[in-house]
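1. Predicted model, plus sequence, below.
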Amino acid sequence: MSMTKLAIDGGTPVRSRPLPPNFPGAVYYGKEEAEFASRVIHAQSPFRYYGPNLQGAVTALEDAIARDFEVPYALAVTSGTAALVVALKALGIGYGDKVIVPANTFIATAGAVVCSNAVPVYCDIDESMNLDPADLERVYDDEVKAIIAVPILGNPVDLDPVLAFAKSKGIAVIEDMAQSCGVRYKGRYGGTIGDIGAFSFQMNKIITSGEGGAVVTRDVKLFERAVRYHDQGLLRHRDRYGIDSPDETFAFSGQNYRMSELSGAVMLEQWKKLPTIVANMRKHHNRIVAALQAEIPGIRFRDCPDPDGHIGSNLCILFPTAEAASRFNRALNAENVTASLLYGGKPVYMNPSLYHQRTAEKDNFPYNYPFKRPVTVTESMCPRALDLIARATFIPLSPLLTDKDADDIIEAVVKVHKALHVVV
């Protein structure tokens, strides 16, 4: 590999144009999505439960998810955030409850807890960039009712100790799979291992309908509550779910998080492409990692609790300092290889709405609950997250990468490393 001047210093960049965009599912759109969506439009039946010529797209999507992920119950909803809210409400979580959330996640994870009328408490992370099971005891108290585990950008969570901890406390585990559809942990698909799983099909997710989501579970009672909450408290098509009783004694008010047939049509075709998308990302990820380990002795990647389970959507390099990561990112971007910190290099609780515990509700509901152990937020409350997020570089790996693209990523990373001497 040639040693030339860095592009950031006026040299010639490794690539003359950017890599394929970081929208794994969207870049795989084709005639299949267009044709099925068109059939729904021509059938004049965009609502999933009835119409003059219902196409059954959402039902078919749910059946495909349940079949392929080997889980008995799947429910399509309008977004990943909706999936989290529906999951929380299926568990009966609300005012006066706390939910443990990892310090490294998108704002929607904690925001869904707040919008479900509960309060998030923040668990530190480890070098997988996911929740650190060893920190759960520190943040737990008897007002905590659930843990949300979030596999960040394609990397599985070490779930066994999380599940063991939850079982010991009698609390639930929600898997927020928004960024990691297709991840496995010890042979099982993420989202199907805890009590209930939530998926997102938003634009930059692994597969997408622009917006969309799904909830999966093995528990029929949780599923019935999820179906009701996503559909105004109703339970339509009881026979589909094996729920024969017409009893409405336990009915409750819900909201509207129903997926449309247009989204369902797109998502069913996207779902069929998930194995190909994941296989392509994994192939290039593993090849790039092996090459960089050979070229750069001592390079540090994030830990992976199950190397066979990651989906390869992002390469994460850990640097010794935040300043080193920042220098590396600026230089690598100049070579036309995208690299960035996640969430601006800050824990989720540093978002102003979460840090200041503000809501749109009267009396700052639900933060106004008189908890026995008040929930407070300070910048240093999760010190490892504060340290790690600021020095973890993420390089997205599109499923459209060619071998030449992967070679360019390898060349650019090695070029920048050798010039800056930042990876130790």
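-> Good, I have the coordinates. Residues are numbered from 1 along each chain as shown.

2. Quick check: which element contains residue 162?
-> Using DSSP states H and E, residue 162 sits in helix 159-169.

3. my read: residue 83 touches residue 196, true?
-> No: the pair residue 83 / residue 196 is not scored as a contact, 9.3 Å apart, by Cβ atoms under 8 Å. (Glycine included, C-beta is placed from N, CA and C.)

4. Pick out whichever of those two has more residues nearby.
-> Taking neighbours as other Cβ atoms under 10 Å, residue 83 and residue 196 compare with residue 83 leading, 34 against 28.

5. sec struct for residue 279, please.
-> Look at residue 279: counting by DSSP: H, G, I helix; E, B strand; the rest coil, its state is helix.

6. List the buried residues in the lowest-mean-pLDDT helix or strand in the chain.
-> Scoring the helices and strands of the chain by mean pLDDT, DSSP states H and E places helix 238-241 at the bottom, with a mean of 81. The neighbour-count check on helix 238-241 (16 or more other Cβ atoms under 10 Å) flags residue 241 as buried.

7. Can you tell me the number of residues neighbouring residue 260?
-> Residue 260 sits with 19 neighbouring residues when counted by other Cβ under 10 Å.

8. Check it and give its pLDDT.
-> Residue 260 carries a pLDDT value of 98.

9. what's the closest non-adjacent residue to it?
-> Closest residue to residue 260 apart from its sequence neighbours, by Cβ to Cβ, 6 or more residues apart in numbering: residue 46 at 5.4 Å.

10. ok, residues contacting the helix holding residue 162?
-> Applying Cβ atoms under 8 Å, 6 or more residues apart in numbering, the set of residues contacting helix 159-169 from outside is 131, 133-134, 136-137, 140, 144, 146-147, 149, 172-173, 175, 185-186, 193-194.

11. Take the residues you listed and keep only those in helices.
-> When DSSP state H is applied, the contacts of helix 159-169 are split such that 136-137 fall in helices.

12. Next, find the distance separating residue 121 from residue 379.
-> For residue 121, the distance to residue 379 equals 16 Å [Cβ to Cβ, to the nearest Å].

13. what about these two, which has more around it?
-> residue 121 (25 against 12).

14. And stretch 126-141, end to end?
-> Stretch 126-141 stretches 21 Å from its first residue to its last (Cα to Cα, to the nearest Å).

15. Low-confidence stretches in the chain?
-> 1-3, 244-247, 422-424 (pLDDT under 70).

16. which residues touch residue 43?
-> By Cβ under 8 Å, 6+ apart, the residues touching residue 43 are 51-55.

17. try 10 Å this time
-> Listed by Cβ atoms under 10 Å, 6 or more residues apart in numbering, the contact set of residue 43 reads 51-55, 57, 261.
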